[in-house]
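[1] Give me a model of this one.
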Amino acid sequence: MTVNEVAHGRPRPQLAFALNARPRSQPGLGAEAGRRYTFGSLGVWGFALLTSPTIRDLLRLGTHYAGLSFAFIRPVYEEHGRDARVVFDDAEIPRDVRAFFVERELAKVATLTPLVLGEHVRYARFETAFDGARAAALRAALPGAAIDAGRERHLLAIPRARLDDRLPQADPDAARALEQQCAELLDRRRQLTGTAARVRGRLLARPRELSDMDRVAAELHVDQRTLRRQLASEGTSFRALADDLRETLAVELLTTAGLTVDEVATRLGYHDAAGFSRAFRRWTGITPGSYRRQHTPTAA
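    Numbers count the residues shown, from 1 in each chain. Below is the predicted model:
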């Protein structure tokens, strides 16, 4: 993970956890994690996808605003022969956790695709470079998906002739309004530059130490007072950056990683679950337990 990744609107909070969780390299764990996703867990971007008027709009929204997710995989749209493809570029993911995140992304997309495509899902085909145990694990986790294993790249393919087919939950007015929100969110994320981006990068590297301003200032070769002044000049503060990361990580760990409230509190450096719950209510207006119930596949 680099500061440049953060500055360009693609923060990577989960990498800090994944890099400390080597057992995730086991085939099938990524697929199980991917199956937990709902459109609600993708936020505004997820609802924009769900209301897409056509398959073409769906693929455009899915690739253009992917920076709002924490997928780590960069989706690239291309048209080749009779197919329109979304290629999942995994080159930026560290090798030791790459398979987990690729598995997770393929399973996530394969789980959500039928919900937005409806009967058009029969035209969707997945290809994966995985073979052997990983391919078998994906097929087992996604029995309804068409998956060709041992291919050159990881991708989703749909015939170009179907791109203008209307989707079952199409709502052009809602889709336009939601896309506008996506654009504003992406712009704000990309505006994080300078000292704020450098601080965020340091915080992402050690999510259990989000309150350690002394350490971050020392790593940036400034004192606390100077760091505080530099952040203020950029319209933010150390606490605001730390709280933003805590909220992002908490939501991700509660809804897609399946950790308990106690486990999330420990991961984020809280002394007890009560303190974490109070902070979570301040961020979201509801308790961690209520949030998880509202953003899990069962709730959806």
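
[2] Pull the number of nearby residues for D165.
    Taking other CB atoms under 10 Å as the criterion, the count of residues near D165 is 18. Any C-beta I mention is one placed from the backbone N, CA and C, and that applies to glycine too.

[3] May I have the predicted confidence score for it?
    D165 is assigned 96 on the pLDDT scale.

[4] okay but it is in contact with I55, surely?
    Yes: here D165 reaches I55: they are 5.4 Å apart, a contact under CB atoms under 8 Å.

[5] shared neighbours, these two?
    A shared contact of D165 and I55, defined by CB atoms under 8 Å, 6 or more residues apart in numbering, is any residue touching both; here these are H120.

[6] can you map out the strands along the stretch 201-300 of the chain?
    With DSSP state E, counting those that start in this stretch as the definition, the stretch 201-300 of the chain shows no strands.

[7] In it, mark out all the helices, start to finish.
    Using DSSP state H, counting those that start in this stretch, the helices assigned to the stretch 201-300 of the chain run over residues 213-219, 224-233, 238-255, 261-267, 273-284, 288-294.

[8] List the buried residues in the first one.
    When you say that, I think you mean helix 213-219. M213, V216, A217 (16 or more other CB atoms under 10 Å).

[9] got those as CSV, with distance to Y65 and pLDDT columns?
    Compiled in CSV, those are given as follows (distance: CB to CB, whole Å; pLDDT from 0 to 100):
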residue, distance to Y65, pLDDT
M213, 33, 89
V216, 30, 89
A217, 34, 90
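
[10] any chance of those residues in TSV, plus distance to A141?
    TSV is the format used below for these (distance: CB to CB, whole Å):
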residue	distance to A141
M213	42
V216	39
A217	45
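
[11] which one of those residues is nearest R239?
    Closest approach between the buried residues of helix 213-219 and R239, by CB to CB: M213, at 8.7 Å.

[12] ok, that closest one - contacts?
    When the contact criterion is CB under 8 Å, 6+ apart, the partners of M213 are Q224, L227, F238.

[13] if you skip the residues just before and after it, what's nearest to the first one?
    Spelled out, that is Q224. When the adjacent residues along the chain are set aside, Q224 lies closest to A217, with 5.0 Å between them (CB to CB, 6 or more residues apart in numbering).

[14] So the one you found sits against L231, correct?
    No: the criterion here is CB under 8 Å, and A217 misses it with L231 at 10.5 Å.

[15] Could you list the low-confidence segments of this structure?
    Counting by pLDDT under 70, the chain contains low-confidence residues at 1-25, 70-71, 189-193, 205, 207-208, 256-257, 295-300.

[16] need the contacts of M213 in CSV with neighbour count and distance to A136, can you?
    Listed next are the contacts of M213 as CSV, based on neighbours: other CB atoms under 10 Å; distance: CB to CB, whole Å:
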residue, neighbour count, distance to A136
Q224, 13, 53
L227, 21, 50
F238, 21, 47
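
[17] Now flag whichever of the residues you listed is closest to L204.
    L204 has its nearest neighbour among the contacts of M213 in F238, at 13.9 Å by CB to CB.

[18] what's near enough to touch the closest one?
    The neighbours of F238, taking CB under 8 Å, 6+ apart as the test, are V199, M213, V216, L227, R228, L231.

[19] ok, now how distant is the fifth one from R239?
    In this structure, R228 and R239 are separated by 10 Å, where distance is defined by CB to CB, to the nearest Å.

[20] so where does F126 fall, helix or strand?
    In this structure, F126 is located in strand 125-127 according to DSSP states H and E.

[21] Give me the sheet partners of that strand and which way each runs.
    When sheet partners are counted by DSSP bridges, strand 125-127 sits next to strand 147-148 (parallel), strand 155-159 (antiparallel).
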